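[1] sequence and predicted structure are below.
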Amino acid sequence: LIWDSIIYKMEEISKSNIKKLEERIKEIKESLNIDSKKIILESLEEIGRFTETDRVYIFEYDFEQELLSNTYEWCNEGILPHKDDLQLVPFEIAREWIDQHTKGLSVHIPDVSALPENTVLKNGLEAQGIQSCLTVPIMQGNKCLGFVGLDAVKKKHFFTSQEQNLLSVFAETLVNMQQRQLYHKQIKESERKYREITENVADLIWTTDINFNLTYCSPSIKTIFGFEPEEYISGSLHDQFSEETVERYREIIREFKSKLKDGTLSSQDIWQLEGQAIKKNGQVFWFNSIIKPSWNAEYIITGILGITRDITNEKRALVELQESEKRLQRIVNSPTHYLLRTDLSGMHTYWNKTFEKEFGWLYKNKGLEKGDSLTSICNYHHKRTQEVVMACITNPGTVHQIELDKPAKDGSIKTTLWEFVCLTDSNGKPSEMGCMGIDITVKRLAEEQVRKLSRAVEQIPLSVVITNLDGNIEYANPYTFHTTGYTQEELLG
């Protein structure tokens, strides 16, 4: 379009020359996608030969450093180049030109010899053998980037308005080409960044076209599914997912198509798909996918974008947590375990039904919520309890066992075994006591009966011998050693 505008603006040139210009410009236009330096140099030559001038050049302005530099130059046969001599030239050398260019105005000097004598400008131009020149600013909006110019060295040249138009449009072309190159560079950099992200992210990123055919999947497919991207894209849903998961995915597709058809599909539409997938080696795993519509630069829906994560470990941890909660709930509701929590002064903050059933009668007046733990403990075990509680507070998180006697409703004594632990708040400071206990009265009675029986066997005036199935003596009471004369070492075994 830029080069078409050159043709349009050159309508004032004679028709015999327009055809020649069109052919030359077309050649330049067709080469715009090649190396920019080569394009610009060829363009300068085309313009120089068309205008029959001796030197065509481009300068760039550096307003921060107040310097100008000759960046491109074409010279006709027999004309000396000056590009290397015109680098980092102070603004003072061409202050008049710069003032004009920054206003968007061209500078046309038909006859250098007619300039005032002994000026910096005239001396500089004559040093290069220039008899006539034309410079046109390169403008990007209101900002002047530099200028493009024509020099006549061999003879004086009055530059026509058509030639000035040509140079002006060429200057516009340079700006447009520079902006296009910058735009493409930004796009490539953006693509590089997004590619780097998608190729290094642990989650699987994938896209489909509008017909839901898979078009892309990130390299993490290898880690999650075990497939190469090409294998996965060409694979079948039924080979990669469970039937239940495939059906849920199809429901999402049906809803997507319905919204697309009635025009209600928007960026707010996001679907989540959780299910089971199948790795290349046949292993089944759990995944979660976030699915949303995908748009192109023209805001046309092109398909869907999906992000998939392997959640097998999270799923396993959730199952284990649920099992743990069930076990804890069983303990809480256990008819054989007492659960109790108190503040550091011993006042109840929680108790389970088993504790309330066995010892709630002790708190009839105040109720369990206003009662302290020592009330349900026999007086002779209060000191023992207090000592263990202090040990727990001194070492939070450490479990301490303690055997406590408690009064029973029928007037008897219950022997209980407890585990005490000091709990801490979010700052790590002791805040509560957690206690879990069981009734060991029957066990203690049985142990006492065994002790009584043992003492009786030890003291009875009869020989008592116990052997194993091989006839080896494993136990003999003292009376046996007394009557046989054997020692314990001689008789046993």
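    Okay, I see it.
[2] residue 491 is in contact with residue 476, isn't it?
    Yes - between residue 491 and residue 476 there is a contact at 5.6 Å, judged by CB atoms under 8 Å. C-beta here means a position set from N, CA and C on the backbone, and glycine is covered the same way.
[3] more crowded one of the two?
    residue 476 (18 against 15; other CB atoms under 10 Å).
[4] next, the contact list for that one, please.
    Listed by CB atoms under 8 Å, 6 or more residues apart in numbering, the contact set of residue 476 reads 463-466, 488, 491-492.
[5] I'd like the residues you listed as CSV, with secondary structure, distance to residue 72 and pLDDT appended.
    Shown next, in CSV, are these (DSSP: H, G, I helix; E, B strand; the rest coil; distance: CB to CB, whole Å; pLDDT from 0 to 100):
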residue, secondary structure, distance to residue 72, pLDDT
463, coil, 124, 88
464, coil, 120, 87
465, strand, 119, 88
466, strand, 114, 88
488, helix, 115, 84
491, helix, 117, 84
492, coil, 112, 83
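[6] and those, which is closest to residue 156?
    residue 492 (136.5 Å; CB to CB).
[7] list the residues that contact the closest one.
    473-476.
[8] quick check, pLDDT for residue 69.
    Listed pLDDT for residue 69 reads 95.
[9] beta partners for it?
    On the basis of DSSP bridges, residue 69 is bridged to residue 60.
[10] just the one 5 residues further on next, same as before
    Here residue 74 shows beta-bridge partners residue 56, assigned using DSSP bridges.
[11] that one: neighbouring residues, count only.
    Close neighbours of residue 74, defined as other CB under 10 Å, add up to 23.
[12] and for residue 481?
    Around residue 481 there are 16 residues (other CB under 10 Å).
[13] check what pLDDT it gets.
    You'll see residue 481 listed with a pLDDT of 86.
[14] repeat for residue 22
    Among the per-residue scores, residue 22 shows a pLDDT of 50.
[15] before we move on, what about the one 3 residues further on?
    At residue 25 the predicted local distance difference test score is 49.
[16] list phi and psi for residue 440.
    phi -120, psi 20 (degrees, to the nearest 10).
[17] where's the residue nearest to it when sequence neighbours are not counted relative to residue 404, distance?
    Closest residue to residue 440 apart from its sequence neighbours, by CB to CB, 6 or more residues apart in numbering: residue 417 at 4.9 Å. Note on residue 417: its distance to residue 404, by CB to CB, to the nearest Å, is 8 Å.
[18] so for those two, which residue has more residues nearby?
    Between residue 417 and residue 404, counted using other CB under 10 Å, residue 404 has the larger neighbour count: 20 against 15.
[19] please name the residues that touch the more buried one.
    Here residue 404 is in contact with 377-378, 381, 384-385, 415-418, 437 (criterion: CB under 8 Å, 6+ apart).
[20] look up the pLDDT of it for me, please.
    Predicted confidence (pLDDT) for residue 404: 96.
[21] from residue 386, how far off is it?
    The separation that residue 404 has from residue 386, given CB to CB, amounts to 12 Å.
[22] also residue 124?
    Using CB to CB, residue 124 is found at 103 Å from residue 386.
[23] compare those two (neighbour count), which wins?
    residue 124 (15 against 12).
[24] you'd agree that one is up against residue 93?
    Yes - look at residue 124 against residue 93 with CB under 8 Å: they come within range, at 6.1 Å.
[25] and residue 56, how many neighbours?
    26.
[26] tell me which residues touch it, please.
    44-45, 47-48, 73-74, 148-151.
[27] before we move on, the earlier item: buried subset of the contacts of residue 492?
    Buried by 16 or more other CB atoms under 10 Å: residue 476, out of those.
[28] I'd assumed residue 256 was in a helix, is it?
    Yes - membership of residue 256 in a helix is supported by DSSP: H, G, I helix; E, B strand; the rest coil.
[29] show me the contacts for it.
    265, 269, 271, 293, 304.
[30] buried among those residues? Need that as a selection in PyMOL.
    Listed next is the PyMOL selection for buried residues among those, using 16+ other CB under 10 Å:
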select buried, resi 265+271+293+304
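[31] now do stretch 484-493: distance to the chain's middle.
    Distance of stretch 484-493 from its chain centroid, counting by CA atoms, centre = their mean, to the nearest Å, is 78 Å.
[32] actually, stretch 91-105.
    Offset of stretch 91-105 from its chain centre (CA atoms, centre = their mean): 51 Å.
[33] with stretch 224-239 instead?
    With CA atoms, centre = their mean as the basis, stretch 224-239 stands 24 Å off its chain's centre.
[34] output that stretch as PDB, restricted to C-alpha atoms.
    These are the backbone C-alpha positions of stretch 224-239, laid out as PDB (Å, rounded to 0.1, in the frame of the first residue of the first chain):
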ATOM      1  CA  ILE A 224       2.400 -36.600  31.900                       C
ATOM      2  CA  PHE A 225       1.200 -39.100  29.300                       C
ATOM      3  CA  GLY A 226       4.400 -40.700  28.100                       C
ATOM      4  CA  PHE A 227       3.500 -39.800  24.500                       C
ATOM      5  CA  GLU A 228       5.500 -37.700  22.000                       C
ATOM      6  CA  PRO A 229       3.400 -34.700  21.000                       C
ATOM      7  CA  GLU A 230       2.800 -36.100  17.500                       C
ATOM      8  CA  GLU A 231       1.700 -39.400  18.900                       C
ATOM      9  CA  TYR A 232      -0.800 -37.800  21.200                       C
ATOM     10  CA  ILE A 233      -2.200 -35.400  18.600                       C
ATOM     11  CA  SER A 234      -2.900 -38.300  16.200                       C
ATOM     12  CA  GLY A 235      -4.300 -40.600  19.000                       C
ATOM     13  CA  SER A 236      -7.800 -41.500  19.900                       C
ATOM     14  CA  LEU A 237      -9.700 -40.200  22.900                       C
ATOM     15  CA  HIS A 238     -10.800 -43.700  23.800                       C
ATOM     16  CA  ASP A 239      -7.200 -44.800  24.000                       C
END
